[in-house]
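Student: Attaching a predicted model along with its sequence, questions to come.
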Amino acid sequence: MSVIGHRIKKLREQRNWSQLTLSKKIGINNSVLSRIEAGKRNVEDDLITKFVELFEVTSDYLLGYTDNPDKTVTNKLDNIDESEWPEAYNVLRRANKKLTDKEKRKMLRLIEELFLDDEEEEQKDGKADEGGTGKS
């Protein structure tokens, strides 16, 4: 069984859906879904997109690049332009292959803390300036 087939089957079973139910939701023939889950058929890009949207997971999870299906981790980095800081992306790509899920979550929390602290300070400074505290 392929990774993607196994994960689709697992996600389907977590929802107590039959293959027929899922195939109708996705808009494919039941036999196609059966072959996908068994790893006997490749999954086209448009179907991957449908599975990702329906199950609310990342494509990286479906394809086996990560064990974390949580979309929120990926979405937090969506607004960052890779060309602005390519070295960081390279480090994160290498780390993604070597770190455990627990280590990845810890790393994300550390990065968020660093940037959230900066944003909170900027907001406080802006409010202090508006409040007429004499700071400039």
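Tutor: Arrived safely, thanks for sending. Predicted, not measured: the structure shown is a model, and the values here were computed from it. Numbers count the residues shown, from 1 in each chain.

Student: Can you show me the helices along this structure?
Tutor: Under the criterion DSSP state H, helices of the chain are mapped to 3-14, 19-26, 30-37, 45-55, 59-63, 71-75, 86-98, 101-130.

Student: If you average the pLDDT over the last one, what comes out?
Tutor: This points to helix 101-130. Within the predicted structure, the mean pLDDT of helix 101-130 is 69.

Student: Correct me if wrong: Leu62 contacts Ile8.
Tutor: Yes. Contact status for Leu62 versus Ile8: in contact at 7.0 Å, counting by C-beta atoms under 8 Å. (Glycine included, C-beta is placed from N, CA and C.)

Student: For those two, list the residues in contact with both.
Tutor: Here Leu62 and Ile8 have Phe51, Phe55 as joint contacts, going by C-beta atoms under 8 Å, 6 or more residues apart in numbering.

Student: More neighbours: those two, which one.
Tutor: When Leu62 and Ile8 are compared for neighbours, Ile8 comes out ahead with 25 against 22, by other C-beta atoms under 10 Å.

Student: show me what contacts the more buried one?
Tutor: Leu22, Leu33, Ile36, Glu37, Phe51, Phe55, Leu62 are the contacts of Ile8 under C-beta under 8 Å, 6+ apart.

Student: From Trp17, how far out is it?
Tutor: Distance, Ile8 to Trp17, using C-beta to C-beta, to the nearest Å: 11 Å.

Student: Just give the nearest non-adjacent residue to Trp17, would you?
Tutor: Lys25 (7.7 Å; C-beta to C-beta, 6 or more residues apart in numbering).

Student: Surely the one you found is in contact with Leu54?
Tutor: Yes. Counting by C-beta under 8 Å, Lys25 does reach Leu54; the two are 6.0 Å apart.

Student: model confidence over stretch 19-28, on average?
Tutor: 95.

Student: Show me the contact partners of it.
Tutor: 8, 12, 17, 29-30, 32-34, 37, 47, 50-51, 54.
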